[in-house]
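*Asks:* Whatever this is, show me its structure:
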Amino acid sequence: MSETLAPPSPGALRSCMSRFATGVTVVTFTGDDGPRGATMNSFTSVSTDPPLVLISVARRARCHGQLLDRPFCVNILGAEQVPLALQFAGSPGHAEPRWAAGTRVPRLGNPLAWVECDPWRAYDGGDHTLVVGRVTGLGHRDGDALTYTWSRFGTAMEAAEGHEHLI
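*Replies:* A predicted model of the protein is given here:
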């Protein structure tokens, strides 16, 4: 006979998952009234052929309805960009965003890396929507990365040697 286990409480799950270090991104797009963005740390590469990435957008987020069917840019933040992470997380007054000029999709002026996408597929993810984007452009610069773990910002130091050739 199979035993049914009770799911963990949302708070217990959040507490457990806070131990997993992630990078920090600001996902930008053209909103109904101009450039918009939202801080997200649920982002991953899905496929190289075709080039696909995934973001997880909270259904309660103000950007949810606008982001699902529009091109977007995942701006991976550098360690010095905590004020931008806070600004786009809904804590105004931390940093005025500087936008890159002449881009197809709104993009921050100096992210550590950026990945521009067209919407490809969206999937139900409970209280989130999983949005898969097809990569249409990308770029990066050198520097330390902004991280988030234990519900705090941190830094991942730039490696002297990477393993990009293995990917």
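*Asks:* Now residue 66: which helix or strand?
*Replies:* helix 64-67 (DSSP states H and E).
*Asks:* Now do the buried residues in that helix.
*Replies:* Buried residues in helix 64-67, defined by neighbour count with 16 or more other CB atoms under 10 Å: 66-67. Heads up, the C-betas are built off the backbone N, CA and C, glycines and all.
*Asks:* Check which helices and strands it is in contact with.
*Replies:* strand 25-31, strand 51-58 (3 or more CB pairs under 8 Å, 6 or more residues apart in numbering; DSSP states H and E).
*Asks:* Do you have the strands of the protein handy? List them.
*Replies:* 22-23, 25-31, 34-40, 43-48, 51-58, 72-76, 113-125, 128-140, 145-149, 152-156 (DSSP state E).
*Asks:* Report the angle between the last one and strand 145-149.
*Replies:* Put plainly, it is strand 152-156. If you take axes from the mean of the first three to the mean of the last three CA atoms, to 10 degrees, strand 152-156 sits at 140 degrees to strand 145-149.
*Asks:* Please point out which parts of the helix or strand of the chain with the lowest mean pLDDT sit buried.
*Replies:* Lowest on mean pLDDT, DSSP states H and E among the helices and strands of the chain sits helix 10-17, with a mean of 84. The neighbour-count check on helix 10-17 (16+ other CB under 10 Å) flags nothing as buried.
*Asks:* same deal with stretch 42-54?
*Replies:* In stretch 42-54, counting by 16+ other CB under 10 Å, buried: 43, 46, 51-54.
*Asks:* quick one: which of those residues is nearest to residue 108?
*Replies:* Using CB to CB, residue 43 comes nearest to residue 108 of those, at 14.5 Å.
*Asks:* before we move on, the earlier item: give me the distance from the helix holding residue 66 to the chain's centre.
*Replies:* Taking CA atoms, centre = their mean, to the nearest Å, one finds helix 64-67 lying 14 Å from the centre of the chain it belongs to.
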